[in-house]
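Trainee: Here is a sequence with its predicted model. Questions after.
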Amino acid sequence: MGDAFRNQPTYGDNPTARNRGQPSNHEGHYWIGSFENRPTPQSKPGKVVGDRPQGTLRSRIFLITGPSIEFLVGGGCHIDTVRVELVVADKVVRRATGKCTETMERKHWDTTSFIGNKAYVKLIDRSSGAWGHINFDDFGGDIEFCEGIWISYAYSGALTNSFFVMNLRTCDLINYTSLNVYLSIRACSSLQDFVF
Ligand SMILES: [Ca+2]
């Protein structure tokens, strides 16, 4: 939503490309920075969109599988307007922001009480003022994103065909056929048995 993340992700250490003196400290080739404007290696190094654009960006749904998730965060330091959120059951349960430097630092969140829950991460940029941007990268830890899921067979006295569609955004079962079937499905990478 909004414009702040329209040109993301950003390629390479774009702050250093404009001699900012605050290296991004990103992992790999790309990261997210709502000040930056270098979406491809071919884009001109050092270009920015600046602090003016605002917007939000949310991840796909994932399953929290353990006590810790981690990421790199940088950019602004005003948590009321620029931040990273962890959302579980429609509630914001963790928040983090930067330290008013482009250089990202590693942050850990204790997710012990959310193990087994579906969640997503939301990036917020609701500032057009100084340090009105958020940097984010290398999200990981005890999470598993939903991957393609499906069903292969059903049993209701006799082997029958069954079918369903997994909504990969919500991990929810959104359609199926057959009644009284025993379905063995793989949801969010966790093998689970469902009886309908
Ligand atoms: Ca902004």
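Mentor: Alright, I've got the coordinates.

Trainee: Show me how this protein divides into domains.
Mentor: Domains of the chain are assigned by automatic domain parsing as 10-144, 154-195.

Trainee: how near is the closest residue to the ion within the chain to T40?
Mentor: In the chain, the residue that lies nearest the ion is G132 (3.8 Å; Cβ to the ion). The way it works is simple: take the backbone N, C-alpha and C, and place the C-beta from them, glycine included. Counting by Cβ to Cβ, to the nearest Å, the separation of G132 from T40 is 24 Å.

Trainee: which one of those two has more residues nearby?
Mentor: Remark: of G132 and T40, G132 carries more neighbours, 22 against 10, as counted by other Cβ atoms under 10 Å.

Trainee: quick revisit: dump the domains of the chain to CSV, plus distance to M1 and mean pLDDT.
Mentor: Shown next, in CSV, are those (distance: least, Cβ to Cβ, whole Å; pLDDT from 0 to 100):
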stretch, distance to M1, mean pLDDT
domain 10-144, 5, 96
domain 154-195, 15, 44
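
Trainee: Determine which stretch of those is the most buried.
Mentor: domain 10-144 (a mean of 18; mean count of other Cβ atoms under 10 Å).

Trainee: end-to-end on that domain?
Mentor: Its start and end residues considered, domain 10-144 measures 24 Å (Cα to Cα, to the nearest Å).

Trainee: so what's A89 up against?
Mentor: Going by Cβ atoms under 8 Å, 6 or more residues apart in numbering, A89 touches N117, K118.

Trainee: Look up how far K118 lies from it.
Mentor: 8 Å.

Trainee: and after the host helix or strand of K122, which helix or strand comes next?
Mentor: Assigned by DSSP states H and E, K122 belongs to strand 118-125. Counting by DSSP H and E, the next helix or strand C-terminal to strand 118-125 is strand 134-145.

Trainee: Paired strands for that following strand, with orientation please.
Mentor: Looking at strand 134-145 with DSSP bridges, its partner strands are strand 30-33 (antiparallel), strand 62-75 (antiparallel).

Trainee: Briefly note if the first one comes near the ion.
Mentor: In other words, strand 30-33. No - judged by Cβ under 5 Å from the ion, strand 30-33 and the ion are separated, with a smallest distance of 10.5 Å.

Trainee: again with the longest one
Mentor: No - no part of strand 62-75 sits close enough to the ion to count as contact by Cβ under 5 Å from the ion; the gap is at least 9.2 Å.
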